[in-house]
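In: Need coordinates for the below:
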Amino acid sequence: MKYFIDGLVSPRRVEEGSIEELNWNKLAAAGVIAGTLAAAPMGTANATEPVQTVIQVLGNKVDMSVIKQIESSGNPNAYNKGSQAIGLYQITPIVLEEWNNYHPNDKHESDDLYTGEINKKIAEWYMMKRIPQMIKHYGKEDSIQNRLIAYNAGIKYVKDGVSVDKLPDETQGYLEKYTKYLGENRINGHGRNIMKGIMGV
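Out: Model (predicted):
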């Protein structure tokens, strides 16, 4: 898959030394601002670098508010007939079973997943605890990208070391959406202007 960043524009004038200036400088230093990609060290660029770099600059843990936006657009009654995923974070029967296995004193039924607090609780446990456990078990890097792949496509793709361009189309799109929405939510409050057209989405 070819990743690219286009439509990046200069930030409005910001106060020297401000958090906003710092964030913009981090993006420029990381090589994700237009005109600076060419300055990246030789041999470090790869097809997924823009995705990973933007994610790393904007935070070091998965933003669950972005996951909710991708999964259900914030609709607690969302249901996917194909995967039988339910609720805000689209919890699947397999994830619910995992939760119940690890929480014998706090088990839930499928219908409970329409309750936002329960859905969020399970999603956060799965993303922040269970997936990292599985990644560590298989000796893989506990990166945001690997967590997202495991959450969307399953741990097998992480375990097997499948490259991004070989992932299911849905999962490649998931990574793109995460980066796009993360940029919109995080970069100085002006994401739609700064990250417009990010990765062609």
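In: Show me the helices in this structure, by range?
Out: Remark: helices assigned in the chain by DSSP state H are 19-30, 49-58, 64-72, 93-102, 116-125, 131-137, 144-153, 155-159, 169-186, 191-194.
In: Include mean pLDDT when you put these into a markdown table, please.
Out: Output for those, formatted as a markdown table (pLDDT from 0 to 100):
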| stretch | mean pLDDT |
| --- | --- |
| helix 19-30 | 45 |
| helix 49-58 | 45 |
| helix 64-72 | 96 |
| helix 93-102 | 97 |
| helix 116-125 | 98 |
| helix 131-137 | 96 |
| helix 144-153 | 96 |
| helix 155-159 | 97 |
| helix 169-186 | 90 |
| helix 191-194 | 40 |
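In: Nearest to residue 110 among those helices would be which one?
Out: helix 93-102 (6.7 Å; CB to CB). No exception for glycine: its C-beta is placed from N, CA and C like everyone else's.
In: Enumerate the positions of that closest one that are buried.
Out: Buried residues in helix 93-102, counted by 16 or more other CB atoms under 10 Å: 95-96, 98-99.
In: Are there helices or strands packed against it, and which ones?
Out: helix 116-125 (3 or more CB pairs under 8 Å, 6 or more residues apart in numbering; DSSP states H and E).
In: same thing but at 10 Å, please
Out: Packing partners of helix 93-102 (3 or more CB pairs under 10 Å, 6 or more residues apart in numbering; DSSP states H and E): strand 85-86, helix 116-125, helix 131-137.
In: ranking the helices of the chain by burial, who's on top?
Out: helix 144-153 (a mean of 22; mean count of other CB atoms under 10 Å).
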